[in-house]
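>>> Build me a model from this:
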Amino acid sequence: MTLLPETARRVDEIAARAQSQGRVPSLALAVVRDRAVLHFAGAGENPRPDPKTQYRLGSITKTITATLVMQLRDEGFFALDDLLYRHLPGTPIGGVTLRQLLGHVSGLQREPDGPWWERNPGGDVERLLGGLTYEKLTGPPFRRYRYSNLAYGLLGAVLARVTGQSWPELVTKRVLDPLGMKRTSYHPVEPFARGYVVHALGGTPHEEPRPDTGAMAPAGQLWSTVTDMAKWAGFLADPAPAVLARETVDEMCSPVTIGDLESWTAGHGLGPQLFRVGERVYAGHGGSMPGYVSHLAVHRRSRFGVVAFANAYGFAGDDGIKDLSLRTLTAVLDGEPPAPAPAWHPPAPPRGEAAEICGRWWWMGREYDIAPDGDDLAMTGPGHHTRFRREAPDRWRGVSGTNEGETLAVLRGPDGAVSKIDIATFLFSRNPWDLA
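Next comes the predicted model:
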(Lines give C-alpha, C1' and ligand atoms only; values in the text may rest on other atoms or scores of the structure.)
Protein backbone atom coordinates (compact mmCIF):
# COMPACT_ATOMS: atom_id res chain seq x y z
CA MET A 1 0.00 0.00 0.00
CA THR A 2 1.14 3.54 -0.77
CA LEU A 3 -0.33 6.94 -0.03
CA LEU A 4 -2.12 8.90 -2.71
CA PRO A 5 0.24 11.43 -4.36
CA GLU A 6 -1.77 14.33 -2.92
CA THR A 7 -1.51 12.92 0.60
CA ALA A 8 2.22 12.26 0.25
CA ARG A 9 2.81 15.83 -0.93
CA ARG A 10 0.85 17.15 2.03
CA VAL A 11 3.00 15.12 4.46
CA ASP A 12 6.19 16.37 2.79
CA GLU A 13 4.94 19.94 3.08
CA ILE A 14 4.08 19.52 6.77
CA ALA A 15 7.55 18.11 7.51
CA ALA A 16 9.45 20.83 5.63
CA ARG A 17 7.48 23.64 7.22
CA ALA A 18 7.79 22.17 10.72
CA GLN A 19 11.58 21.79 10.46
CA SER A 20 12.02 25.32 9.14
CA GLN A 21 9.63 27.13 11.47
CA GLY A 22 10.53 24.96 14.47
CA ARG A 23 14.28 25.47 13.87
CA VAL A 24 15.26 21.88 14.52
CA PRO A 25 18.47 20.48 13.00
CA SER A 26 16.78 17.29 11.80
CA LEU A 27 13.19 16.10 11.58
CA ALA A 28 11.93 12.63 10.67
CA LEU A 29 8.23 12.18 9.94
CA ALA A 30 6.68 8.92 8.79
CA VAL A 31 3.23 7.60 8.01
CA VAL A 32 2.99 3.94 9.02
CA ARG A 33 0.50 1.13 8.74
CA ASP A 34 0.57 -2.58 9.51
CA ARG A 35 4.12 -2.41 10.93
CA ALA A 36 5.56 -0.82 7.77
CA VAL A 37 6.55 2.70 6.71
CA LEU A 38 4.20 3.89 3.98
CA HIS A 39 5.79 7.29 3.49
CA PHE A 40 8.87 8.94 4.97
CA ALA A 41 9.41 12.70 4.98
CA GLY A 42 12.70 14.04 6.29
CA ALA A 43 13.88 17.63 6.61
CA GLY A 44 17.16 19.14 7.79
CA GLU A 45 20.80 18.16 7.40
CA ASN A 46 22.19 17.52 10.90
CA PRO A 47 21.92 14.59 10.38
CA ARG A 48 20.11 14.00 7.12
CA PRO A 49 17.01 12.09 8.29
CA ASP A 50 16.79 8.41 7.50
CA PRO A 51 14.24 5.78 8.60
CA LYS A 52 17.02 3.72 10.21
CA THR A 53 18.69 6.55 12.16
CA GLN A 54 18.13 6.40 15.91
CA TYR A 55 16.58 9.25 17.88
CA ARG A 56 15.83 9.23 21.59
CA LEU A 57 12.26 8.17 22.39
CA GLY A 58 11.86 9.91 25.73
CA SER A 59 8.50 9.08 27.25
CA ILE A 60 7.33 6.86 24.40
CA THR A 61 9.40 4.43 26.47
CA LYS A 62 6.55 4.48 29.02
CA THR A 63 4.25 2.60 26.63
CA ILE A 64 6.78 -0.25 26.55
CA THR A 65 7.11 -0.22 30.34
CA ALA A 66 3.32 -0.32 30.60
CA THR A 67 3.25 -3.30 28.24
CA LEU A 68 5.62 -5.17 30.54
CA VAL A 69 3.38 -4.39 33.51
CA MET A 70 0.33 -5.72 31.68
CA GLN A 71 2.20 -8.85 30.55
CA LEU A 72 3.12 -9.71 34.12
CA ARG A 73 -0.39 -8.89 35.31
CA ASP A 74 -1.79 -11.31 32.74
CA GLU A 75 0.72 -13.94 33.90
CA GLY A 76 -0.37 -13.61 37.51
CA PHE A 77 2.68 -11.87 38.99
CA PHE A 78 0.43 -9.20 40.52
CA ALA A 79 -2.88 -7.39 40.19
CA LEU A 80 -3.17 -3.80 39.00
CA ASP A 81 -4.96 -2.88 42.20
CA ASP A 82 -2.11 -4.15 44.37
CA LEU A 83 -0.81 -1.47 46.69
CA LEU A 84 2.75 -0.43 45.97
CA TYR A 85 4.06 -1.46 49.39
CA ARG A 86 3.19 -5.08 48.61
CA HIS A 87 6.03 -5.15 46.07
CA LEU A 88 8.24 -2.35 47.42
CA PRO A 89 7.81 -2.76 51.19
CA GLY A 90 8.82 0.09 53.44
CA THR A 91 8.09 2.90 50.98
CA PRO A 92 6.28 5.86 52.59
CA ILE A 93 4.05 6.21 49.52
CA GLY A 94 3.02 2.55 49.42
CA GLY A 95 -0.70 3.29 49.58
CA VAL A 96 -1.00 3.97 45.84
CA THR A 97 -1.82 1.18 43.40
CA LEU A 98 -0.05 -0.01 40.27
CA ARG A 99 -3.11 1.01 38.25
CA GLN A 100 -2.92 4.56 39.59
CA LEU A 101 0.78 4.78 38.75
CA LEU A 102 0.15 3.55 35.19
CA GLY A 103 -2.63 6.09 34.56
CA HIS A 104 -0.96 9.11 36.25
CA VAL A 105 -3.68 9.41 38.85
CA SER A 106 -1.68 8.37 41.93
CA GLY A 107 -1.23 11.95 43.17
CA LEU A 108 2.53 11.40 43.00
CA GLN A 109 4.74 14.36 42.09
CA ARG A 110 6.26 14.62 38.64
CA GLU A 111 9.98 14.07 39.30
CA PRO A 112 12.23 12.17 41.74
CA ASP A 113 14.66 13.82 44.16
CA GLY A 114 18.18 14.89 43.21
CA PRO A 115 19.52 16.63 40.11
CA TRP A 116 17.31 16.71 37.03
CA TRP A 117 17.24 13.03 36.10
CA GLU A 118 16.93 13.56 32.34
CA ARG A 119 20.24 15.40 32.08
CA ASN A 120 22.36 13.55 34.66
CA PRO A 121 23.57 9.98 35.18
CA GLY A 122 20.95 8.12 37.17
CA GLY A 123 21.35 6.12 40.35
CA ASP A 124 20.10 2.65 41.16
CA VAL A 125 16.72 1.57 42.50
CA GLU A 126 17.83 1.81 46.12
CA ARG A 127 18.77 5.43 45.63
CA LEU A 128 15.44 6.13 43.96
CA LEU A 129 13.51 4.51 46.80
CA GLY A 130 15.67 6.21 49.41
CA GLY A 131 14.57 9.61 48.15
CA LEU A 132 10.88 8.89 48.67
CA THR A 133 8.98 10.69 51.40
CA TYR A 134 5.29 11.05 52.13
CA GLU A 135 5.52 14.62 50.80
CA LYS A 136 5.97 13.20 47.30
CA LEU A 137 2.20 12.70 47.27
CA THR A 138 0.67 16.00 46.21
CA GLY A 139 -2.90 14.89 46.88
CA PRO A 140 -5.18 11.85 47.11
CA PRO A 141 -5.31 9.40 44.20
CA PHE A 142 -7.79 10.08 41.40
CA ARG A 143 -8.38 13.65 42.51
CA ARG A 144 -7.02 14.77 39.16
CA TYR A 145 -4.59 13.84 36.41
CA ARG A 146 -0.97 14.51 37.37
CA TYR A 147 1.71 13.28 34.99
CA SER A 148 4.51 11.58 36.90
CA ASN A 149 7.86 10.39 35.61
CA LEU A 150 8.57 9.15 39.13
CA ALA A 151 5.59 6.80 38.88
CA TYR A 152 7.21 4.96 35.97
CA GLY A 153 10.54 4.73 37.75
CA LEU A 154 8.68 2.96 40.55
CA LEU A 155 6.87 0.66 38.11
CA GLY A 156 10.26 -0.32 36.69
CA ALA A 157 11.41 -1.11 40.23
CA VAL A 158 8.36 -3.34 40.74
CA LEU A 159 9.05 -5.20 37.49
CA ALA A 160 12.64 -5.90 38.53
CA ARG A 161 11.62 -6.91 42.06
CA VAL A 162 8.96 -9.45 41.06
CA THR A 163 10.95 -11.05 38.21
CA GLY A 164 14.53 -10.85 39.48
CA GLN A 165 15.55 -9.42 36.09
CA SER A 166 16.59 -5.90 35.20
CA TRP A 167 14.26 -3.60 33.27
CA PRO A 168 16.55 -3.58 30.17
CA GLU A 169 16.59 -7.39 30.16
CA LEU A 170 12.80 -7.53 30.39
CA VAL A 171 12.34 -4.98 27.60
CA THR A 172 14.63 -6.87 25.24
CA LYS A 173 13.39 -10.36 26.01
CA ARG A 174 9.68 -9.68 26.31
CA VAL A 175 9.01 -6.86 23.82
CA LEU A 176 11.81 -5.90 21.44
CA ASP A 177 12.93 -9.38 20.34
CA PRO A 178 9.42 -10.82 19.80
CA LEU A 179 8.48 -7.80 17.65
CA GLY A 180 11.74 -7.78 15.71
CA MET A 181 12.68 -4.29 16.93
CA LYS A 182 16.44 -4.78 16.44
CA ARG A 183 17.25 -1.05 16.20
CA THR A 184 15.64 -0.15 19.52
CA SER A 185 18.21 -0.06 22.30
CA TYR A 186 19.01 1.11 25.81
CA HIS A 187 22.07 3.11 24.67
CA PRO A 188 22.42 4.84 21.27
CA VAL A 189 23.88 2.73 18.47
CA GLU A 190 25.28 4.36 15.34
CA PRO A 191 23.92 5.84 13.23
CA PHE A 192 22.09 8.06 15.73
CA ALA A 193 21.16 11.74 15.75
CA ARG A 194 23.01 13.96 18.20
CA GLY A 195 20.60 16.04 20.24
CA TYR A 196 20.71 19.82 20.65
CA VAL A 197 19.24 22.74 22.47
CA VAL A 198 18.78 25.48 19.87
CA HIS A 199 19.17 28.81 21.63
CA ALA A 200 16.30 31.22 21.12
CA LEU A 201 18.75 34.09 20.62
CA GLY A 202 20.60 33.51 17.38
CA GLY A 203 19.63 29.88 16.85
CA THR A 204 22.97 28.45 18.02
CA PRO A 205 22.74 24.66 18.64
CA HIS A 206 24.37 23.25 21.79
CA GLU A 207 24.85 19.48 21.91
CA GLU A 208 23.27 17.83 24.95
CA PRO A 209 24.64 14.94 27.06
CA ARG A 210 23.12 11.47 26.65
CA PRO A 211 23.20 10.01 30.16
CA ASP A 212 22.20 6.58 31.38
CA THR A 213 19.19 7.47 33.52
CA GLY A 214 19.53 4.41 35.75
CA ALA A 215 16.45 3.61 37.83
CA MET A 216 14.45 6.23 35.90
CA ALA A 217 15.12 4.47 32.57
CA PRO A 218 11.57 3.00 32.42
CA ALA A 219 10.31 6.58 32.08
CA GLY A 220 12.36 7.67 29.07
CA GLN A 221 15.66 5.93 28.28
CA LEU A 222 15.15 4.08 24.99
CA TRP A 223 16.46 4.94 21.51
CA SER A 224 14.76 3.84 18.30
CA THR A 225 14.19 4.43 14.61
CA VAL A 226 11.23 5.22 12.43
CA THR A 227 11.35 1.66 11.06
CA ASP A 228 11.17 0.09 14.52
CA MET A 229 8.51 2.52 15.72
CA ALA A 230 6.38 1.49 12.74
CA LYS A 231 6.40 -1.98 14.30
CA TRP A 232 5.45 -0.54 17.68
CA ALA A 233 2.61 1.51 16.17
CA GLY A 234 1.46 -1.64 14.40
CA PHE A 235 1.45 -3.51 17.69
CA LEU A 236 -0.73 -0.86 19.38
CA ALA A 237 -3.20 -1.03 16.48
CA ASP A 238 -3.13 -4.79 15.90
CA PRO A 239 -1.52 -6.55 18.89
CA ALA A 240 0.80 -9.52 18.54
CA PRO A 241 -0.54 -12.28 20.83
CA ALA A 242 3.03 -13.42 21.55
CA VAL A 243 3.53 -10.10 23.35
CA LEU A 244 0.08 -9.15 24.62
CA ALA A 245 -3.51 -10.18 23.95
CA ARG A 246 -5.73 -7.80 22.01
CA GLU A 247 -8.10 -7.54 24.96
CA THR A 248 -5.25 -6.34 27.16
CA VAL A 249 -4.11 -3.71 24.65
CA ASP A 250 -7.74 -2.59 24.38
CA GLU A 251 -7.72 -2.23 28.17
CA MET A 252 -4.53 -0.15 28.00
CA CYS A 253 -6.07 2.17 25.43
CA SER A 254 -9.28 2.75 27.40
CA PRO A 255 -9.38 6.08 29.26
CA VAL A 256 -8.42 6.14 32.93
CA THR A 257 -8.61 9.91 33.20
CA ILE A 258 -9.23 13.03 31.13
CA GLY A 259 -6.30 15.43 31.13
CA ASP A 260 -8.19 18.59 30.18
CA LEU A 261 -11.63 18.77 31.74
CA GLU A 262 -12.68 21.81 29.69
CA SER A 263 -12.16 20.50 26.16
CA TRP A 264 -11.80 16.70 26.61
CA THR A 265 -9.14 16.47 23.89
CA ALA A 266 -6.49 14.66 25.94
CA GLY A 267 -6.63 11.69 28.26
CA HIS A 268 -4.58 8.81 29.54
CA GLY A 269 -5.03 5.06 29.55
CA LEU A 270 -2.93 2.41 31.26
CA GLY A 271 0.27 3.59 29.58
CA PRO A 272 -0.80 5.17 26.29
CA GLN A 273 -1.89 8.77 26.02
CA LEU A 274 -5.17 9.44 24.22
CA PHE A 275 -5.77 12.35 21.85
CA ARG A 276 -9.14 13.42 20.47
CA VAL A 277 -9.10 15.33 17.18
CA GLY A 278 -12.61 16.07 15.95
CA GLU A 279 -14.53 12.81 16.01
CA ARG A 280 -11.44 10.60 16.09
CA VAL A 281 -9.43 9.33 19.04
CA TYR A 282 -5.76 8.43 18.64
CA ALA A 283 -3.58 6.39 21.00
CA GLY A 284 0.15 6.84 21.47
CA HIS A 285 2.57 8.95 23.48
CA GLY A 286 4.87 11.93 23.24
CA GLY A 287 8.41 12.14 24.50
CA SER A 288 11.19 14.55 25.26
CA MET A 289 14.71 14.32 26.61
CA PRO A 290 17.33 17.08 26.50
CA GLY A 291 18.14 17.35 22.80
CA TYR A 292 15.16 15.36 21.54
CA VAL A 293 11.39 15.40 21.09
CA SER A 294 9.28 12.57 19.71
CA HIS A 295 5.69 11.55 19.15
CA LEU A 296 3.76 8.48 18.10
CA ALA A 297 0.03 8.44 17.36
CA VAL A 298 -2.12 5.61 16.02
CA HIS A 299 -5.70 5.51 14.79
CA ARG A 300 -6.39 1.96 15.88
CA ARG A 301 -9.48 1.31 13.76
CA SER A 302 -7.81 2.21 10.45
CA ARG A 303 -4.34 1.04 11.63
CA PHE A 304 -2.74 4.24 10.30
CA GLY A 305 -0.12 5.87 12.49
CA VAL A 306 2.48 8.62 12.52
CA VAL A 307 5.99 8.63 13.98
CA ALA A 308 7.79 11.96 14.46
CA PHE A 309 11.33 12.62 15.74
CA ALA A 310 13.38 15.80 16.05
CA ASN A 311 16.83 16.28 17.57
CA ALA A 312 16.14 19.54 19.38
CA TYR A 313 14.71 20.17 22.81
CA GLY A 314 11.44 21.65 21.61
CA PHE A 315 10.24 23.57 18.58
CA ALA A 316 10.48 27.31 18.16
CA GLY A 317 7.05 28.95 18.08
CA ASP A 318 3.75 27.69 19.42
CA ASP A 319 3.43 24.33 17.65
CA GLY A 320 5.28 21.33 18.98
CA ILE A 321 5.95 17.76 17.94
CA LYS A 322 2.53 16.63 19.21
CA ASP A 323 0.76 19.16 16.99
CA LEU A 324 2.90 18.04 14.06
CA SER A 325 2.09 14.39 14.66
CA LEU A 326 -1.66 14.80 15.15
CA ARG A 327 -1.97 17.22 12.24
CA THR A 328 -0.19 14.75 9.97
CA LEU A 329 -2.27 11.77 11.02
CA THR A 330 -5.49 13.73 10.59
CA ALA A 331 -4.41 14.88 7.11
CA VAL A 332 -3.72 11.27 6.13
CA LEU A 333 -7.05 9.98 7.41
CA ASP A 334 -8.89 12.85 5.71
CA GLY A 335 -7.02 12.34 2.44
CA GLU A 336 -6.96 8.57 2.08
CA PRO A 337 -10.11 6.68 1.05
CA PRO A 338 -11.38 4.27 3.70
CA ALA A 339 -10.68 0.61 3.13
CA PRO A 340 -13.53 -1.16 1.34
CA ALA A 341 -15.81 -3.23 3.49
CA PRO A 342 -15.05 -6.96 3.38
CA ALA A 343 -17.10 -8.94 0.91
CA TRP A 344 -20.41 -10.21 2.25
CA HIS A 345 -20.93 -13.95 2.42
CA PRO A 346 -24.11 -15.62 3.55
CA PRO A 347 -23.68 -17.02 7.05
CA ALA A 348 -23.80 -20.71 7.75
CA PRO A 349 -27.21 -21.77 9.05
CA PRO A 350 -27.38 -21.71 12.84
CA ARG A 351 -27.36 -25.08 14.58
CA GLY A 352 -28.49 -26.43 17.90
CA GLU A 353 -29.38 -23.89 20.55
CA ALA A 354 -28.36 -21.00 18.30
CA ALA A 355 -31.04 -22.00 15.79
CA GLU A 356 -33.66 -21.73 18.53
CA ILE A 357 -32.56 -18.19 19.43
CA CYS A 358 -31.97 -16.64 16.01
CA GLY A 359 -34.66 -14.53 14.46
CA ARG A 360 -36.92 -11.66 15.46
CA TRP A 361 -37.47 -10.58 19.06
CA TRP A 362 -39.47 -7.77 20.66
CA TRP A 363 -39.04 -5.66 23.79
CA MET A 364 -41.31 -2.75 24.78
CA GLY A 365 -42.72 -2.54 21.26
CA ARG A 366 -39.27 -2.42 19.64
CA GLU A 367 -37.96 -4.97 17.18
CA TYR A 368 -34.59 -6.72 17.55
CA ASP A 369 -32.85 -9.33 15.44
CA ILE A 370 -30.47 -12.12 16.42
CA ALA A 371 -28.37 -13.64 13.64
CA PRO A 372 -25.45 -16.07 13.49
CA ASP A 373 -21.99 -14.50 13.44
CA GLY A 374 -19.55 -17.38 13.10
CA ASP A 375 -19.92 -19.38 16.31
CA ASP A 376 -21.36 -16.30 18.05
CA LEU A 377 -24.67 -14.48 17.83
CA ALA A 378 -25.08 -10.84 16.81
CA MET A 379 -28.06 -8.97 18.23
CA THR A 380 -29.08 -5.69 16.62
CA GLY A 381 -31.91 -3.27 17.25
CA PRO A 382 -32.64 0.36 18.15
CA GLY A 383 -29.45 1.70 19.73
CA HIS A 384 -28.23 -1.85 20.31
CA HIS A 385 -25.53 -4.10 18.93
CA THR A 386 -24.12 -6.95 20.98
CA ARG A 387 -22.09 -10.00 20.12
CA PHE A 388 -22.92 -12.96 22.37
CA ARG A 389 -20.85 -16.10 22.91
CA ARG A 390 -22.17 -19.35 24.37
CA GLU A 391 -20.66 -20.26 27.74
CA ALA A 392 -23.12 -22.92 28.98
CA PRO A 393 -26.44 -24.51 27.96
CA ASP A 394 -29.06 -21.74 27.70
CA ARG A 395 -26.48 -19.15 28.75
CA TRP A 396 -24.63 -16.70 26.50
CA ARG A 397 -22.26 -13.89 27.43
CA GLY A 398 -21.96 -10.49 25.73
CA VAL A 399 -18.37 -10.19 24.47
CA SER A 400 -18.65 -6.82 22.73
CA GLY A 401 -21.10 -4.01 22.14
CA THR A 402 -24.00 -2.63 24.12
CA ASN A 403 -24.34 -5.54 26.55
CA GLU A 404 -20.71 -6.55 26.83
CA GLY A 405 -20.25 -8.63 29.97
CA GLU A 406 -23.99 -9.17 30.49
CA THR A 407 -25.66 -12.58 30.21
CA LEU A 408 -28.34 -13.72 27.83
CA ALA A 409 -30.39 -16.44 29.54
CA VAL A 410 -32.67 -18.65 27.47
CA LEU A 411 -36.05 -19.19 29.15
CA ARG A 412 -38.03 -22.29 28.19
CA GLY A 413 -41.65 -23.28 28.63
CA PRO A 414 -43.00 -26.57 30.06
CA ASP A 415 -42.59 -28.20 26.64
CA GLY A 416 -38.88 -27.28 26.53
CA ALA A 417 -39.30 -24.76 23.72
CA VAL A 418 -37.71 -21.32 23.97
CA SER A 419 -40.28 -18.85 25.26
CA LYS A 420 -38.27 -15.72 26.03
CA ILE A 421 -34.73 -14.50 26.47
CA ASP A 422 -33.56 -12.54 29.49
CA ILE A 423 -30.74 -10.03 29.01
CA ALA A 424 -29.77 -8.38 32.30
CA THR A 425 -33.42 -8.65 33.53
CA PHE A 426 -34.87 -7.27 30.25
CA LEU A 427 -37.27 -9.88 28.84
CA PHE A 428 -37.51 -10.23 25.04
CA SER A 429 -40.46 -12.05 23.44
CA ARG A 430 -41.36 -13.40 20.02
CA ASN A 431 -44.73 -11.68 20.45
CA PRO A 432 -44.58 -7.96 19.49
CA TRP A 433 -47.55 -7.22 21.75
CA ASP A 434 -46.04 -8.82 24.84
CA LEU A 435 -44.82 -5.93 27.00
CA ALA A 436 -44.41 -7.93 30.21
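>>> Give me the three-state assignment for Phe77.
coil (DSSP: H, G, I helix; E, B strand; the rest coil).
>>> how many other residues sit next to it?
Counted by other Cβ atoms under 10 Å, the residues lying close to Phe77 total 15. In this view, the C-beta of every residue, glycine as well, is placed from N, C-alpha and C.
>>> Could you list which residues are in contact with the nearest residue to it once chain neighbours are set aside?
In this structure, Phe77 finds its nearest non-sequential neighbour in Val162, 4.9 Å apart by Cβ to Cβ, 6 or more residues apart in numbering. Applying Cβ atoms under 8 Å, 6 or more residues apart in numbering to Val162 gives the contacts 72, 77-78, 87.
>>> from memory Gly259 sits against His268, does it?
Yes. The criterion here is Cβ atoms under 8 Å, and Gly259 meets it with His268 at 6.2 Å.
>>> what is in contact with these two at once?
With Cβ under 8 Å, 6+ apart, Gly259 and His268 have common neighbours Tyr145.
>>> Confirm that Tyr147 sits in a helix.
No. Assigned with three-state DSSP, Tyr147 falls outside any helix and is coil.
>>> can you pull the contacts of it?
Contacts of Tyr147 (Cβ under 8 Å, 6+ apart): 104, 110.
>>> can you pull the pLDDT of it?
Looking at Tyr147, its pLDDT is 94.
>>> Not counting sequence-adjacent ones, nearest residue to Leu98?
Leu80 (5.1 Å).
>>> ok, now how distant is the one you found from Ala151?
The gap separating Leu80 from Ala151 is 13 Å, by Cβ to Cβ, to the nearest Å.
>>> More neighbours: the two, which one.
Ala151 (28 against 16).
>>> which SS class is that one?
Going by three-state DSSP: Ala151 is helix.
>>> and the closest residue to it other than its chain neighbours, helix, strand or coil?
Leaving aside its chain neighbours, Ala151 sits nearest to Leu101 (4.1 Å; criterion: Cβ to Cβ, 6+ apart). Per three-state DSSP, the secondary structure class of Leu101 is helix.
>>> cool, and Ala160?
Assignment for Ala160 (three-state DSSP): helix.
>>> Test my guess that it contacts Val125.
Yes. The criterion here is Cβ under 8 Å, and Ala160 meets it with Val125 at 6.6 Å.
>>> sorry, back to before: give me every residue that touches the residue nearest to Leu98.
69, 73, 97-99, 102, 270.
>>> now, which of the residues you listed sits nearest Asp394?
The shortest approach to Asp394 among these belongs to Arg73, at 33.1 Å (Cβ to Cβ).
>>> Now do the helices in the stretch 51-200 of the chain.
Per DSSP state H, counting those that start in this stretch, the stretch 51-200 of the chain carries helices over the ranges 61-74, 98-102, 125-130, 149-163, 167-171, 177-179.
>>> Of those helices, which is nearest Phe428?
For the helices of the stretch 51-200 of the chain, proximity to Phe428 was assessed by Cβ to Cβ; helix 61-74 is nearest, at 35.2 Å.
>>> any chance of the contacts of Leu80 in a markdown table, plus pLDDT and neighbour count?
Shown next, in a markdown table, are the contacts of Leu80 (pLDDT from 0 to 100; neighbours: other Cβ atoms under 10 Å):
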| residue | pLDDT | neighbour count |
| --- | --- | --- |
| Val69 | 98 | 25 |
| Arg73 | 98 | 19 |
| Thr97 | 96 | 19 |
| Leu98 | 97 | 25 |
| Arg99 | 97 | 19 |
| Leu102 | 97 | 26 |
| Leu270 | 97 | 24 |
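>>> any chance of the residues you listed in TSV, plus distance to Arg430?
Listed next are the contacts of Leu80 as TSV, based on distance: Cβ to Cβ, whole Å:
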residue	distance to Arg430
Val69	48
Arg73	44
Thr97	48
Leu98	48
Arg99	44
Leu102	47
Leu270	43
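>>> ok, so of those, who is nearest Val332?
For these, the nearest to Val332 is Leu270 (26.6 Å; Cβ to Cβ).
>>> State the distance from that closest one to Pro342.
Applying Cβ to Cβ to Leu270 and Pro342 gives a distance of 31 Å.
>>> how close does the residue nearest the centre of the chain get to Gly314?
By Cα atoms, centre = their mean, the chain has its centre lying nearest to Pro272, at 3.5 Å. Pro272 sits 22 Å away from Gly314, taking Cβ to Cβ as the criterion.
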